[in-house]
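S.K.: Below are the sequence and a predicted model for it; my questions follow.
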Amino acid sequence: MSFKPANNIQDLQYFGEFGGVNPSISDSSTYTFLSAKTMFDTFEGNADGCYLYSRHSSPSNLYLGEALAAMEGTETANVTASGMGAITPVILQLCGAGDHVVSSRTIYGGTYAFLKNFTPKLNISTSFVDITKLDVVEAAITENTKVLYCESVSNPLLEVADIKGLAAIAKKHNLKLVVDNTFSPLSISPVKLGADIVIHSLTKFINGSSDTVGGVVCGTQEFIDALRNVNDGACMLLGSTMDSLRAASVLKNLRTLHIRMQQHSHNATYLAQKFEADGLKTVYPGLESHPSHDLFKSMMNEKYGFGGMLTIDVGSLDKANALMELMQEKNLGYLAVSLGFYKTLFSAPGSSTSSEIPEDEQKEMGLSDGLIRFSIGLDADIERTYTMMHECMKELHIL
Ligand SMILES: Cc1ncc(COP(=O)(O)O)c(C=O)c1O
């Protein structure tokens with residue numbers, strides 16, 4: 001049976017407190033108990049349906065969490081104040097002093113910096129590997145390894161992780177496979193392919209309106225309960241809690257995600273094909289020239305395509321900067337980091353979102369100076385967009 005994440009979102013039904021078709025927003029930080037005994041039981045984790053304090057959980061956050069759990073096919077989920085506010089507690093919940101992580105080397109710069117520079121202070125070490133080579137991944141595992149970490153489609157190089165293959169390795173060595181699925185919501189469902197925990201930066205496609213940061217951890221009830229545990233839960237104790245008003249607004253945006261992803265994918269496919277035909281070095285998982293095109297196809301859910309992210313290499317940082325400035329001047333998008341907006345966003349990752357990765361390591365992994373990362377927008381007339389981008393490239397002698 002194929003997995004249909006958008007149906008799961010569509011099928012959620014709400015009867016708000018006053019009969020509203022949206023759940024009522026609960027903006028309380030604390031909650032009354034009708035008896036002292038219930039308060040005690042709730043702190044012990046034994047009073048289902050009772051709230052104790054909004055850093056732990058709140059009705060609005062639970063609504064959003066349950067919708068995202070339905071989307072990823074997990075038992076439950078916990079929403080957080082940002083994507084990094086989801087990633088860091090997961091690592092810290094799963095690892096203690098002396099433990100080891102095997103991570104893809106092509107991941108979001110902030111995650112890389114956390115694993116490379118921050119967790120060593122807690123005596124947690126990480127080996128960064130080429131995640132597309134399963135033998136290399138397995139060889140990096142030590143007796144202290146607890147976590148295998150990757151992005152389903154990596155930022156910014158758009159490498160695709162073989163989630164089934166990685167899950168088999170994780171199972172064999174008793175590790176948790178943690179997958180950041182920010183670049184491929186709906187298209188790829190990592191838990192259905194064997195992952196244990198799925199993370200998103202909601203800031204990107206899922207919210208889709210570049211008006212907030214947010215994150216989520218999707219997993220088993222047991223793991224999410226552990227993250228929220230009042231005694232040793234990393235989400236509860238580190239406090240990366242989402243605000244209830246934001247949870248309500250992200251939930252509303254989630255309902256149109258399937259339509260947006262189809263349009264992002266449609267537009268990105270069109271541009272990637274055109275750029276490649278123009279002779280530009282173009283990376284997009286939907287192109288047959290992408291080394292993991294068939295792998296992506298074998299993992300994807302129907303309908304949502306290969307996503308809205310593509311890269312081109314224009315040869316040098318100077319050329320990349322000139323092109324991005326000209327495209328912004330022509331109103332083709334914004335020179336900005338992040339992704340998933342209705343307008344196209346472009347940035348040179350080597351000097352922005354991946355600048356935490358040292359230059360020699362950038363070179364080794366194929367992150368070149370002239371690389372431009374595009375998050376393709378929802379443009380209604382992508383042919384017009386292409387024609388204008390082509391003119392910009394001609395003007396700057398890139399084509
Ligand atoms: C793949 C990926 N994961 C995680 C993050 C971090 O998310 P946030 O900025 O919401 O903390 C980002 C953000 O840029 C990202 O691109």
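M.R.: Thanks, I have the structure now. Numbering: from 1, shown residues only.
S.K.: just checking, what's the longest strand in this structure?
M.R.: The residue-count maximum for a strand in the chain (DSSP state E) belongs to strand 145-151.
S.K.: which neighbours does it have in its sheet, and in what orientation?
M.R.: Under the criterion DSSP bridges, strand 145-151 sits next to strand 100-104 (parallel), strand 176-180 (parallel) in its sheet.
S.K.: Need the winner for burial among those.
M.R.: Comparing the strands paired with strand 145-151 by mean neighbour count (mean count of other Cβ atoms under 10 Å), strand 176-180 comes out on top with a mean of 25. Any C-beta I mention is one placed from the backbone N, CA and C, and that applies to glycine too.
S.K.: residue closest to the middle of the chain?
M.R.: T182 (1.8 Å; Cα atoms, centre = their mean).
S.K.: how much space between it and G73?
M.R.: Relative to G73, T182 is positioned 17 Å away (Cβ to Cβ, to the nearest Å).
S.K.: returning to that earlier point: buried residues in the following helix or strand past the longest strand of the chain?
M.R.: Next in sequence after strand 145-151, counting helices and strands by DSSP states H and E, comes helix 163-172. Neighbour counts over helix 163-172 (16 or more other Cβ atoms under 10 Å) mark 163, 165-167, 169-170 as buried.
S.K.: With stretch 18-25 instead?
M.R.: For stretch 18-25, by 16+ other Cβ under 10 Å, it's 23, 25.
S.K.: neighbouring contacts of that stretch?
M.R.: 14, 16-17, 59-60, 63, 244-245, 248, 251-252 (Cβ atoms under 8 Å, 6 or more residues apart in numbering).
S.K.: ends of that stretch, how far apart?
M.R.: 11 Å (Cα to Cα, to the nearest Å).
S.K.: for that stretch, what is the average pLDDT?
M.R.: Mean pLDDT, stretch 18-25: 93.
S.K.: repeat for stretch 388-398
M.R.: Averaged across stretch 388-398, the pLDDT comes to 98.
S.K.: start to end distance for stretch 98-116?
M.R.: Span of stretch 98-116 from end to end, Cα to Cα: 15 Å.
S.K.: want to throw the buried residues of helix 163-172 into a markdown table with distance to P285?
M.R.: Output for the buried residues of helix 163-172, formatted as a markdown table (distance: Cβ to Cβ, whole Å):
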| residue | distance to P285 |
| --- | --- |
| I163 | 14 |
| G165 | 17 |
| L166 | 17 |
| A167 | 20 |
| I169 | 22 |
| A170 | 23 |
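S.K.: Most widely separated two among the residues you listed?
M.R.: Farthest apart among those by Cβ to Cβ are I163 and I169. That separation is 10.8 Å.
S.K.: For the ligand, what is the nearest residue in this structure?
M.R.: G83 (2.2 Å; Cβ to the nearest ligand atom).
S.K.: what's the neighbour count on that residue?
M.R.: Other residues lying near G83 total 24 when counted by other Cβ atoms under 10 Å.
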